[in-house]
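S.K.: let's see this in three dimensions:
(one chain, ligands or ions: 1)
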Amino acid sequence: MELLDGKKASLAIKEELKLEIAQLSAEGKKIPHLAAILVGNHPASETYVAAKVKACEEAGVKSTLIRMEAETSSLKLQNTINSLNNDPDIDGILVQLPLPRHINESEIIYSIDPDKDVDGFHPVNIGKMVLGDETFFPATPYGILLLLEHFKIQTKGKHAVIIGRSNIVGRPLSILLSRNKQPGNCTVTLCHSYTENLKEICLQADILVAALGKPEFVTADMVKEGAVVIDVGITRIEDASKKSGFRLKGDVHFDSVAPRCSWITPVPGGVGPMTIAALLKNTFTSCMQKN
Ligand code: NAD
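M.R.: Got it, this is the predicted structure:
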């Protein structure tokens, strides 16, 4: 078994970006600039945004963090997004989800300029992705593609089984893995909460992706010998022995599943850092379209 080490792969991507951005700077060209909006102070969101800002610094991407109160109105948030849409220095706009309940997330995502939608959630970008055009892919599925690419995992002709059909992970990943490109060309089965015979389907997977948000759901008896297993799940489990008061668990029971796999992602340190690397790549691409 070998580790699909997301920390290592994301570091390589950040180093590569850093060199390219230094080159842009040396040539007097515009460097990438990401604006992140955090509404409220949800602890997990705080952590994710802080990690994104730190990754920007590491890669030489300029970042601006805009904090807004949890009670902020939808209109005020949209006005902030509008001014970022109109700011020529901003290449990427990220609105950290989830938003407070009184704000309609779709409306907010739709108000982001698709050319600055580096999270890849805008319907224009989703539509382009479905049609096979180059565009901003949603950060987590794109991060998974980058991870497969980094470790030279062969996907052509393989059966990929994805558990979870959310708009941000499972569904877009099913589209990307089935496209006629590398990584891609998989036969994809997309499973969800109404899937019957889930275990039997998982046992057919050459590539098994768990993205359902149920800690340690995938056990050894669901995994084919030699499979590539990608664990997207992140659940905080209370743990008084940790300084933070919690530890992170994935959707895969790592200790029992790992010995059966050819490759497996750890949690943390697998898909998480790759999601951030994908966001940086999208921001860089957006900037290059202006340079
Ligand atoms: P979600 O709750 O929106 O969707 C979960 C999906 O799993 C649903 O489509 C549902 O049908 C399916 N599902 C639930 N129970 C199931 C079952 N018993 N059998 C089969 N399918 C089942 O979740 P999400 O936003 O896609 O997130 C999934 C997990 O991935 C969460 O733990 C989340 O924290 C994590 N996540 C991680 C990253 C990262 O960067 N690593 C990014 C996004 C989400």
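S.K.: let me see the contact set for residue 149.
M.R.: Residue 149 sits next to 182, 183 when contact means C-beta atoms under 8 Å, 6 or more residues apart in numbering. Glycine gets a C-beta too; all of them are placed from N, C-alpha and C.
S.K.: buried stuff in the helix or strand harbouring it?
M.R.: According to DSSP states H and E, residue 149 maps onto helix 139-150. The neighbour-count check on helix 139-150 (16 or more other C-beta atoms under 10 Å) flags 139, 140, 141, 142, 143, 144, 145, 146, 147, 148, 150 as buried.
S.K.: please identify the helix or strand for the nearest residue in space to the third one that is not next to it in sequence.
M.R.: What sits nearest to residue 141 in space, not counting adjacent residues and going by C-beta to C-beta, 6 or more residues apart in numbering, is residue 173, at 3.9 Å. Taking DSSP H and E as the criterion, the element that holds residue 173 is helix 170-178.
S.K.: burial of the residue nearest to residue 141, as a residue count?
M.R.: Applying other C-beta atoms under 10 Å, we find 30 residues neighbouring residue 173.
S.K.: just residue 93 next, same as before
M.R.: So residue 93, with other C-beta under 10 Å, has 26 neighbours.
S.K.: tell me the SS of it?
M.R.: strand (DSSP: H, G, I helix; E, B strand; the rest coil).
S.K.: relative to residue 275, how far out is it?
M.R.: 17 Å (C-beta to C-beta, to the nearest Å).
S.K.: residues in contact with residue 51?
M.R.: So residue 51 contacts 272, 276 (C-beta under 8 Å, 6+ apart).
S.K.: assign a three-state SS to it, would you?
M.R.: Assigned by three-state DSSP, the conformation of residue 51 is helix.
S.K.: distance of it from the ligand?
M.R.: Relative to the ligand, residue 51 is positioned 10 Å away (C-beta to the nearest ligand atom, to the nearest Å).
S.K.: ok, now residue 200?
M.R.: Residue 200 is 13 Å from the ligand, where distance means C-beta to the nearest ligand atom.
S.K.: am I right that that residue is in a strand?
M.R.: No - counting by three-state DSSP, residue 200 is located in no strand; its state is helix.
S.K.: number of residues surrounding it?
M.R.: Residue 200: 9 neighbours (other C-beta under 10 Å).
S.K.: what score does it have for pLDDT?
M.R.: On the pLDDT scale, residue 200 is placed at 98.
S.K.: do the same with residue 290
M.R.: Reported pLDDT for residue 290: 83.
S.K.: in contact with it, which residues?
M.R.: Residue 290 sits next to 30, 88, 91 when contact means C-beta under 8 Å, 6+ apart.
S.K.: and for residue 6?
M.R.: 143, 147, 265, 266, 269, 270, 271, 272, 273, 274.
S.K.: filter those residues down to the ones near the ligand?
M.R.: 271, 272 (C-beta under 6 Å from any ligand atom).
S.K.: need the max-distance pair from the contacts of residue 6.
M.R.: 143 and 266 (14.4 Å; C-beta to C-beta).
S.K.: rewinding a little: quick one: the helix holding residue 173 to helix 139-150, angle?
M.R.: 30 degrees (axes from the mean of the first three to the mean of the last three C-alpha atoms, to 10 degrees).
S.K.: chain center to the helix or strand just after helix 170-178, what's the gap?
M.R.: Per DSSP H and E, the first helix or strand lying C-terminal to helix 170-178 is strand 187-191. Relative to its chain's centre, strand 187-191 lies at 19 Å (C-alpha atoms, centre = their mean, to the nearest Å).
S.K.: anything in strand 187-191 near the ligand?
M.R.: Yes - residues of strand 187-191 are located near the ligand by C-beta under 6 Å from any ligand atom, namely residue 191.
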